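Q: no sequence on this one, just coordinates:
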């Protein structure tokens with residue numbers, strides 16, 4: 001059991017341990033986790049001219065190599081090549097574990113005046129090929145017993161930490177409002193039905209309202225989530241649905257309505273997402289997700305789409321359609337992501353409709369993400385579009401230009417008609433719109449674009 005003073009973190013620890021070999025491990029680190037599902041997440045600074053490989057073991061048992069992805073800038077800017085590795089660890093048991101990361105570096109055909117020195121040694125006497133190796137071990141604990149303020153839906157289907165969730169088969173229904181607790185989902189193929197009740201956190205003290213790590217086919221519906229840094233957090237989760245919910249952080253400045261990390265084929269449909277620093281955040285190769293018929297209003301960033309490398313190859317294939325993206329400081333923000341499709345949305349009265357990290361002043365040129373802004377025949381409605389429609393077909397005669405590689409070729413002259421939400425959302429949505437009209441008046445929010 002954990003003592004009360006033990007620092008509890010979840011599987012996405014932001015702490016780190018750095019080793020002399022250039023490896024920095026972010027998760028797991030020397031701490032205690034309340035999840036059996038962890039990532040080995042690291043960066044490796046490799047010197048120019050070196051060849052390297054990494055592998056890992058858990059509790060002395062070899063588990064395999066660590067794939068590395070280069071994130072270095074164009075040649076000529078760095079002598080150190082930064083690489084990242086992300087490995088999903090096997091399901092772990094309760095108790096103490098050790099993780100060993102092995103690093104093997106090779107310096108081949110070396111002809112310097114002096115030998116490279118320790119820790120490099122020649123592969124054979126007189127050889128010009130040198131190798132060096134390091135082994136780093138860290139210890140961490142898995143303790144998934146009930147923790148204060150936590151509600152668990154366990155793998156076996158049981159509910160721990162509250163009597164306000166009723167189970168009927170694979171449907172888990174709230175029977176009352178829940179305050180100052182967080183829900184962690186450990187079971188696949190379930191439905192969490194909020195029954196129009198509220199899950200209320202304590203603000204910055206609570207990281208996640210509903211956490212869904214490494215799961216498949218989880219539906220979250222009919223719930224208001226407020227007062228968390230992340231209202232709903234999906235990590236390495238697929239084929240899941242978030243629908244008919246209100247994700248409102250009531251002007252909490254460091255907050256996300258829905259955050260997807262390395263999650264695929266999920267749907268975020270027909271929700272009200274408001275008063276967050278970031279409304280919807282897709283990151284770390286979260287691909288092939290659908291963002292459909294949401295009201296995304298009065299946030300700092302409406303939708304933030306971000307990859308993890310300069311190659312613009314991940315966080316790709318997401319489809320964003322029929323959303324009301326209104327009264328945000330910035331409608332859509334892209335950052336090192338691949339091609340995503342964005343059309344039939346209403347971009348209304350955002351201070352900026354779109355921006356990209358590539359426009360940030362920097363000593364070197366950063367790549368700008370390219371998205372598809374129309375479906376070939378119809379695009380989006382832009383409240384600041386000033387073009388004409390000479391043939392009356394409802395499509396502007398000239399493109400809506402975002403930049404030279406991003407443009408809506410078929411801008412709509414009138415807003416997209418989006419069907420109404422179910423009745424329980426209408427009143428809160430009306431009240432939200434009223435408050436925005438009275439108090440918002442384009443409030444300025446500091447957007448943490450590298451959240």
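A: The structure has been received and is ready for your questions. This is a predicted model, so every value here is computed, not measured.
Q: ok, residue 85 touching residue 69?
A: Yes: taking contacts as C-beta atoms under 8 Å, residue 85 lies within contact range of residue 69: 7.5 Å. For every residue, glycine as well, the C-beta is placed using N, CA and C.
Q: neighbour count winner among these two?
A: residue 85 (20 against 14; other C-beta atoms under 10 Å).
Q: List the residues that contact residue 258.
A: 231-232, 234, 242, 247, 268, 271, 273, 279-281 (C-beta atoms under 8 Å, 6 or more residues apart in numbering).
Q: and with 6 Å instead?
A: 232, 268, 280 (C-beta atoms under 6 Å, 6 or more residues apart in numbering).
Q: for the record, mean pLDDT for the helix or strand hosting the first one?
A: Using DSSP states H and E, residue 232 falls within strand 230-235. The predicted model assigns strand 230-235 a mean pLDDT of 95.
Q: Stretch 125-134 now?
A: Here the average pLDDT along stretch 125-134 is 88.
Q: who touches it?
A: 21, 103-110, 116, 119-120, 122-123.
Q: ok, 7 Å please
A: 19, 21, 102-111, 116, 119-123 (C-beta atoms under 7 Å, 6 or more residues apart in numbering).
Q: Model confidence score at the nearest residue to residue 16 once chain neighbours are set aside, please.
A: The spatially closest residue to residue 16, leaving aside those adjacent along the chain, is residue 26, at 4.9 Å (C-beta to C-beta, 6 or more residues apart in numbering). Note for residue 26: predicted pLDDT of 80.
Q: For residue 26, which three-state class applies?
A: strand (DSSP: H, G, I helix; E, B strand; the rest coil).
Q: what do you get for the one 3 residues further on?
A: Under three-state DSSP, residue 29 falls in the coil class.
Q: same thing with residue 117?
A: Per three-state DSSP, residue 117 ends up coil.
Q: Which SSE is immediately downstream of the strand holding residue 232?
A: That would be, after strand 230-235 and using DSSP H and E, strand 241-243.
Q: Can you name every helix or strand that that following strand contacts?
A: strand 218-226, strand 267-269 (3 or more C-beta pairs under 7 Å, 6 or more residues apart in numbering; DSSP states H and E).
Q: Mean neighbour count for these - can I get that in TSV?
A: TSV is the format used below for those (neighbours: other C-beta atoms under 10 Å):
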stretch	mean neighbour count
strand 218-226	23
strand 267-269	22
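Q: what does the model give residue 144 for pLDDT?
A: Residue 144 is given a pLDDT of 66.
Q: Wait, a strand at residue 358?
A: No: read with three-state DSSP, residue 358 is helix and lies in no strand.
Q: Let me know whether it touches residue 370 as I believe.
A: No: using C-beta atoms under 7 Å, residue 358 is not in contact with residue 370, being 10.2 Å away.
Q: The residue nearest to residue 16 touches residue 18, doesn't it?
A: No: counting by C-beta under 7 Å, residue 26 sits too far from residue 18 to count as a contact (10.0 Å).
Q: what sits against residue 373?
A: Applying C-beta under 7 Å, 6+ apart, the residues near residue 373 are 342-343, 379-380, 406-408.
Q: quick one: which of these is nearest residue 314?
A: In terms of C-beta to C-beta, no member of those lies closer to residue 314 than residue 342, at 17.2 Å.
Q: tell me the phi and psi of the closest one?
A: When read as degrees, to the nearest 10, the backbone of residue 342 gives phi -130, psi 100.
Q: Identify the spatial nearest neighbour of it, chain neighbours not counted.
A: residue 320 (4.5 Å).
Q: Who is the one you found paired with across the strands?
A: residue 291, residue 342 (DSSP bridges).
Q: Looks like it contacts residue 344 (just checking).
A: No: contact criterion C-beta under 7 Å: residue 320 and residue 344 do not qualify, at 9.1 Å.
Q: The two: which is more packed in?
A: Legend: neighbour count by other C-beta under 10 Å for residue 320 and residue 344, higher for residue 320 (27 against 19).
Q: and that one, what does it touch?
A: 291, 303, 340-342, 345.
Q: Bridge partners for residue 64, pull those for me.
A: Bridge pairing for residue 64 - DSSP bridges - gives residue 56.
Q: so it makes contact with residue 55?
A: Yes: using C-beta under 7 Å, residue 64 is in contact with residue 55, at 6.3 Å.
Q: Neighbour count: those two, which is higher?
A: residue 55 (15 against 9).
Q: so how far is the one helix or strand residue 151 maps to off the chain centroid?
A: Assigned by DSSP H and E, residue 151 belongs to strand 150-153. Offset of strand 150-153 from its chain centre (C-alpha atoms, centre = their mean, to the nearest Å): 22 Å.
Q: Taking strand 218-226 as reference, get the angle to the strand holding residue 232.
A: Orientation check (axes from the mean of the first three to the mean of the last three C-alpha atoms, to 10 degrees): strand 230-235 against strand 218-226 gives 150 degrees.
Q: So which elements touch strand 230-235?
A: strand 208-213, strand 218-226, strand 256-261.
Q: if we go to 6 Å?
A: strand 208-213, strand 256-261 (3 or more C-beta pairs under 6 Å, 6 or more residues apart in numbering; DSSP states H and E).
Q: can I get those strands in CSV with distance to residue 171?
A: Converted to CSV, those look like this (distance: least, C-beta to C-beta, whole Å):
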stretch, distance to residue 171
strand 208-213, 15
strand 256-261, 21
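Q: wait, which of those strands is closest to residue 315?
A: strand 256-261 (9.1 Å).
Q: The closest one pairs with which strands, parallel or anti?
A: strand 230-235 (parallel), strand 278-283 (parallel).
Q: who touches stretch 398-405?
A: With C-beta under 6 Å, 6+ apart, stretch 398-405 has contacts from 354, 370, 382, 385, 387, 407-409, 411.
Q: Just flag the most distant two among the residues you listed.
A: 370 and 387 (21.8 Å).
Q: any idea how far residue 84 is from residue 66?
A: According to C-beta to C-beta, to the nearest Å, residue 84 stands 10 Å off from residue 66.
Q: ah, wrong one, I meant residue 230
A: For residue 230 relative to residue 66 (C-beta to C-beta), the value is 27 Å.
Q: Surely the residue nearest to residue 16 is in contact with residue 41?
A: Yes: the pair residue 26 / residue 41 is scored as a contact, 4.5 Å apart, by C-beta atoms under 6 Å.
Q: For residue 204, give its distance to residue 277.
A: 11 Å.
Q: I meant to write residue 390 there.
A: Relative to residue 277, and taking C-beta to C-beta, residue 390 is found at 42 Å.
Q: got a pLDDT number for the residue lying closest to residue 270 once chain neighbours are set aside?
A: Excluding the flanking residues, the one nearest residue 270 by C-beta to C-beta, 6+ apart is residue 293, at 4.8 Å. pLDDT for residue 293: 97.
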